[in-house]
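# Show me how the following folds:
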Amino acid sequence: MLRLFGLLLTVLGAIAVAVISWPQFFRLERDLPIAQLVSFRALIAVGFAALFVLALFLAVVRPIRALALSLAFVFLAGAGVNGAILASRGLGSQTLPEQTETSVRVMTWNTAGVATSADTIAQTAVAMDADIVTLPETTIETGTAVAVSMGELGHPMWAHHTQSGEWDSESTTILISPDLGDYSVIESSADGTSNTSTLPSAVAMPNSGDGPIVVAAHAVAPREDYMPQWRGDLQWLADQCAGDANVIMAGDFNATVDHMSGLGVDGGDLGQCTDTAAATGNGAIGTWSTALPALAGAPIDHVMVSAHWTATGSVVLQSLDDAGSDHRPLVVQLEPYE
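Down below sits the predicted model:
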């Protein structure tokens with residue numbers, strides 16, 4: 001009887017480890033509470049490693065030795081699988097390649113409203129030589145101040161925005177270099193007739209028709225009361241990267257690439273767009289929360305690009321954890337695909 005109970009417990013443990021480690025197989029990656037758990041793969045790997053050690057200690061007790069060793073193997077496999085997934089997505093690169101005449105640098109930073117000063121944003125964007133800056137939770141007043149400061153530092157930018165309410169979290173600002181041409185936020189994005197459900201995203205189109213469509217993304221967080229809206233937001237963002245459109249989409253997706261499973265098309269991670277951080281060695285580095293070490297955090301801020309672009313480097317800026325925001329900036333260098 002004890003042996004049968006041990007076998008059942010081992011099977012249940014293996015199923016639990018499998019669901020947590022690879023929820024996409026069970027189509028649970030966007031369901032509560034798995035969606036929240038899988039956001040923190042590094043912590044999952046550490047947790048399974050701790051359970052492995054605990055199971056080994058319990059194996060010294062003869063009556064439960066077989067069960068403990070079986071569970072130890074299951075937990076070791078869970079730690080190994082999650083560690084391998086993290087390694088495959090990239091455990092961190094802190095350098096960007098030299099810029100070329102055709103390179104475009106994109107910076108995205110959820111600034112948490114007034115928590116981050118306009119001067120800090122401007123100085124960071126200039127230091128990174130960013131051509132496109134997407135700023136979820138940033139008002140147009142702050143965005144304009146950032147653009148003015150960047151201009152004074154010799155790096156002029158045009159500020160665009162969309163807003164759905166009075167709170168800072170209900171504003172999203174985009175800064176675009178004049179070198180990329182003249183842009184404007186499309187009406188359906190500005191008036192909310194076509195947008196993310198709760199927090200606004202901004203879609204800027206080139207007035208000349210030559211440059212990329214720039215989408216500043218802000219999906220709602222997957223809290224218990226907002227799960228349907230969150231799923232809808234991810235689908236809306238995937239729809240922005242469809243067909244042959246030339247798209248650069250950057251912002252706070254409140255989702256990791258695990259959550260995007262099934263939303264990719266033709267090899268894309270989200271629609272036909274691919275995640276640039278994962279392609280350049282930073283896919284496992286957490287951009288939220290700054291209260292956690294970068295590798296332990298959730299990589300929920302992304303720069304996604306259509307097939308018109310190739311990512312040549314990225315960096316998650318960890319030196320600004322005390323700047324005010326609970327998010328880290330992500331900077332990516334792109335080259336036009338030839």
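# quick one, phi/psi of the residue nearest to residue 114 when sequence neighbours are not counted?
Residue nearest to residue 114 in three dimensions, not counting chain neighbours: residue 168, with 6.4 Å by C-beta to C-beta, 6 or more residues apart in numbering. For glycine as for every other residue, the C-beta is placed from the backbone atoms N, C-alpha and C. Recorded main-chain torsions at residue 168 are phi -60, psi -40, according to degrees, to the nearest 10.
# residues touching residue 168, list them.
Each residue near residue 168 by C-beta atoms under 8 Å, 6 or more residues apart in numbering is listed here: 112-114, 137-139.
# so residue 323 makes contact with residue 112?
No. With contact defined as C-beta atoms under 8 Å, residue 323 and residue 112 do not form a contacting pair (9.5 Å).
# coming back round to it: I'd like to know which of the contacts of residue 168 are buried.
Under a neighbour-count criterion of 16 or more other C-beta atoms under 10 Å, the subset of the contacts of residue 168 counted as buried comprises 112-113, 137-139.
# got these as a markdown table, with pLDDT, distance to residue 196 and secondary structure columns?
Shown next, in a markdown table, are these (pLDDT from 0 to 100; distance: C-beta to C-beta, whole Å; DSSP: H, G, I helix; E, B strand; the rest coil):
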| residue | pLDDT | distance to residue 196 | secondary structure |
| --- | --- | --- | --- |
| 112 | 94 | 18 | coil |
| 113 | 91 | 18 | helix |
| 137 | 95 | 13 | coil |
| 138 | 95 | 15 | coil |
| 139 | 94 | 17 | coil |
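# With respect to residue 259, which of these is nearest?
Out of those, the one with the shortest distance to residue 259 is residue 137. That distance is 20.1 Å, counting by C-beta to C-beta.
# Could you measure from that closest one over to residue 121?
12 Å (C-beta to C-beta, to the nearest Å).
# joint contacts of those two?
With contacts defined as C-beta under 8 Å, 6+ apart, the residues adjacent to both residue 137 and residue 121 are residue 111.
# can you map out the helices along the stretch 101-250 of the chain?
Along the stretch 101-250 of the chain, counting by DSSP state H, counting those that start in this stretch, helices occupy 118-127, 140-152, 187-190, 227-239.
# okay if I get those as JSON lines plus mean neighbour count?
Compiled in JSON lines, the helices of the stretch 101-250 of the chain are given as follows (neighbours: other C-beta atoms under 10 Å):
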{"stretch": "helix 118-127", "mean neighbour count": "20"}
{"stretch": "helix 140-152", "mean neighbour count": "19"}
{"stretch": "helix 187-190", "mean neighbour count": "16"}
{"stretch": "helix 227-239", "mean neighbour count": "19"}
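# Ok, which of those comes nearest residue 42?
For residue 42, the closest of these is helix 227-239, at 22.1 Å, according to C-beta to C-beta.
# what residues are up against the spatially closest residue to residue 287 that is not a sequence neighbour?
Taking C-beta to C-beta, 6+ apart, and ignoring the residues beside it in sequence, residue 287 has residue 301 as its nearest neighbour in space, at 3.9 Å. With contact set as C-beta under 8 Å, 6+ apart, residue 301 has these partners: 108-110, 251-253, 287-288, 327-328, 330.
# ok, now residue 110?
If you count contacts by C-beta under 8 Å, 6+ apart, then residue 110 has 135-137, 218, 251-252, 288, 301, 325-327 around it.
# Residue 171 now?
When the contact criterion is C-beta under 8 Å, 6+ apart, the partners of residue 171 are 137-140, 161-164, 200.
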